[in-house]
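Novice: Need coordinates for the following:
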Amino acid sequence: MKRTRRLLMVFYCCLPLALAAQMVSVQGGGERYALWGDSTGSHVRQATITPFLTDVTSTAVIVFPGGSYFWLAGKEEGDDVGSWLQQQGLNAFVVRYRVPGWWSWFSHNRLFVRGKRHPDMYGDGQQALRWVFEHAAQFGIDTSKVGMMGFSAGGHLVAYQACCGDPWRPAFAASVYPVVTMSEPCVHQRSRRGLLGERWRREADLCDQLSVERHVPADCPPMFLVACDDDPVVNPRNAQLLDSALTVQSIPHRYIRYRTGGHGFGVSETKGSSESRQWKYAFLEWLKGMHYL
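Specialist: Have a look, this model is predicted:
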């Protein structure tokens, strides 16, 4: 009984914070569009895309926030990133893709309702590319210069799209403190549960398919990777695995390994560490070197 009371107290204390986080995550800097247009059904209504446009360049970056495939860090790794890219003269499109939500993680209701969410997120990733391609003329976008950027679980989504996307793949991809593998020993377990539910052990084939480091093709687009040795959330070996796989295939890429910075700093000028906050300027230099900026 005492344990139940304690759990209820935690729930009622955390609920306002969760609701506040959800409210923040839906405040965008531009007009928000339904990613799936006029399609109906809750499974597509919650997916949106928000443009942050500039007339400086025709390059575009589609942004996918992280959140362990349960929720979305829609401000810190979404709208803030879109605004920053826009300020640097890049067109950005921030995607809020389908996830089960904070409540699913907290309540464990995934044990009783739909737990496996794959391939929702990847369907939204493909649709985001298609949406930007279809609206390219309207927004002054060069379809040969449409890349993707993702953070944490969003970094996994982006890397998967770059390596396994069909029929659309980005021209380049940036994965920041990314989840990469769905296999032991350095898997991010919460992200695996967000994708495959609690019965992921029955999905050995999917775990292999979604371990991006095992499926880097010879024609993989250029990639930019960032990870920190002191990341307490996602084991930095994830990025190392992808770096090694890209090297084996001779894919043009840059992997930056910082000693400090942790996780979840996005484009903040206060979070992370002084060295990890330099990643975004290194990304701009990399884009220039690749002639996308």
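Novice: W71: which element?
Specialist: Taking DSSP states H and E as the criterion, W71 maps to no regular element, lying outside all helices and strands.
Novice: I meant A174, not that one.
Specialist: A174 is part of strand 173-176 when elements are defined by DSSP H and E.
Novice: Going by neighbour count, list what's buried in whatever helix or strand comes next after that strand.
Specialist: Using DSSP H and E, the helix or strand that directly follows strand 173-176 along the chain is helix 189-196. Applying a neighbour-count criterion of 16 or more other Cβ atoms under 10 Å, one finds 190-196 buried in helix 189-196. Using the backbone N, CA and C atoms, a C-beta is placed for each residue, glycine as well.
Novice: just the residues you listed now: which is nearest W84?
Specialist: S191 (24.5 Å; Cβ to Cβ).
Novice: my guess is that closest one contacts G67, does it?
Specialist: No: the pair S191 and G67 does not pass the contact test of Cβ atoms under 8 Å, sitting 9.0 Å apart.
Novice: hey, what's in contact with both of these two?
Specialist: Common neighbours of S191 and G67, using Cβ atoms under 8 Å, 6 or more residues apart in numbering, are 152-153.
Novice: Show me the shaky parts of the stretch 1-150 of the chain.
Specialist: Applying pLDDT under 70 to the stretch 1-150 of the chain picks out residues 1-30, 39-45, 101-118.
Novice: tell me the strands in it, going along the chain?
Specialist: Using DSSP state E, counting those that start in this stretch, the strands of the stretch 1-150 of the chain run over 33-34, 48-52, 60-64, 91-96, 146-151.
Novice: Make CSV out of those strands and add mean neighbour count and distance to D219.
Specialist: Below are those laid out as CSV (neighbours: other Cβ atoms under 10 Å; distance: least, Cβ to Cβ, whole Å):
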stretch, mean neighbour count, distance to D219
strand 33-34, 14, 31
strand 48-52, 22, 26
strand 60-64, 29, 20
strand 91-96, 27, 24
strand 146-151, 28, 16
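Novice: So which of these is nearest S244?
Specialist: Across these (criterion: Cβ to Cβ), the nearest stretch is strand 146-151, sitting at 19.5 Å.
Novice: so where is the stretch 151-293 of the chain shaky, pLDDT-wise?
Specialist: Applying pLDDT under 70 to the stretch 151-293 of the chain picks out residues 199-202.
Novice: dump the residue contacts of the nearest residue to Q209 once chain neighbours are set aside.
Specialist: Once its chain neighbours are removed from consideration, Q209 has its nearest residue in H215; the separation is 7.2 Å (Cβ to Cβ, 6 or more residues apart in numbering). Under the criterion of Cβ under 8 Å, 6+ apart, the neighbours of H215 are 163-164, 209.
Novice: Next: A60.
Specialist: Applying Cβ under 8 Å, 6+ apart as the definition, the contact partners of A60 turn out to be 90-93, 132, 136, 139, 141-142, 145-147.
Novice: Contact partners for the residue lying closest to it once chain neighbours are set aside?
Specialist: Once flanking residues are discounted, A60 sits nearest to N91: 4.2 Å by Cβ to Cβ, 6+ apart. Listed by Cβ under 8 Å, 6+ apart, the contact partners of N91 are 51-54, 57-61, 85, 139-141.
Novice: How is the residue nearest to the spatial centre of the chain classified with respect to secondary structure?
Specialist: Among the residues of the chain, the smallest C-alpha distance to the mean C-alpha position (Cα atoms, centre = their mean) belongs to G154, namely 1.3 Å. When classified by DSSP: H, G, I helix; E, B strand; the rest coil, G154 comes out as helix.
Novice: ok, it touching V81?
Specialist: No: with the criterion set as Cβ under 8 Å, G154 and V81 do not qualify as a contacting pair; they are 9.9 Å apart.
Novice: what touches both of the two?
Specialist: 63, 65.
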